[in-house]
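Peer 1: give me a 3D structure for the following:
(3 chains)
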Amino acid sequence: MSWSDERVELLKKMWGEGQSASQIAKELGGVTRNAVIGKVHRLGLSNRNGGGGTAPATEAKAKPTAKPAAKPAAKTKPAAKPEAQPEPEKPAAAPVTRIKPIIPAGQPLPPQPSTNEIDPKALAKVNEIEKKAKRLGLMELTSRTCKWPVGDPATDDFWFCGLPVQAGKPYCEAHVGVAFQPMSSRRDRRR
DNA sequence: CCCTGATTCGC
DNA sequence: GCGAATCAGG
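Peer 2: A predicted model of the protein is given here:
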């Protein structure tokens, strides 16, 4: 398989969308994720910049490996393609639909992470990805599927996100965002 | 163990 | 230029 024009374009597109190298590789077929990453680097777009949105998880790390190769690391990236895209980012998610008003009413309504004061960003993201959720059943869950529950367990309108989890976490990226909301908010109120 | 991207280097 | 092997990390 060679990097035809179309394939390269798809690569660019997907990479720009934040797709992982392995996913791109699958989509393209005939190549491994290594090939994709290699190509990405050769194309000079190892950096997924967009519009200052979410911070990149993994950033360039210094390589302490014993490599005496004296390389000033000249960044050859003076070129500015006229068709460069500023990356519109995710504009949507304004109304932020209330997650799920699933409360039979009359209940104590105990804990629940205040659905109220969670990063609107995170919520938006969740709503975004829940559309793409795989809607897995309890039995379909594996060690690497997002276990975020959606809907009312008492109804058949209940499923699990099922999207690929990232690192040892039980949820996908988006859900991790709202699940592990760092303790903050109401903490220091006296000011 | 699963996954991610980054880098190296023989081809 | 290509990408497997390897590295580094979540």
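
Peer 1: helices and strands of chain A: which one has the lowest mean pLDDT?
Peer 2: Every helix and strand in chain A was compared by mean pLDDT, DSSP states H and E; the lowest is helix A:120-130, with a mean of 76.

Peer 1: other SSEs contacting the helix or strand just after that helix?
Peer 2: Next helix or strand after helix A:120-130 toward the C-terminus (DSSP states H and E): strand A:149-151. Secondary structure elements in contact with strand A:149-151, counted by 3 or more C-beta pairs under 8 Å, 6 or more residues apart in numbering; DSSP states H and E, are strand A:158-160. No exception for glycine: its C-beta is placed from N, CA and C like everyone else's.

Peer 1: what is the strand it packs on packed up against?
Peer 2: If you count contacts as 3+ C-beta pairs under 8 Å, 6+ apart, strand A:158-160 packs onto strand A:149-151.

Peer 1: what is the mean pLDDT for the strand it packs on?
Peer 2: Across strand A:149-151, pLDDT averages out at 89.

Peer 1: what's the answer for stretch A:172-186, then?
Peer 2: 72.

Peer 1: cool, and stretch A:3-10?
Peer 2: Averaging pLDDT along stretch A:3-10 yields 92.

Peer 1: swap in stretch A:37-53?
Peer 2: Per-residue scores along stretch A:37-53 average to 74.
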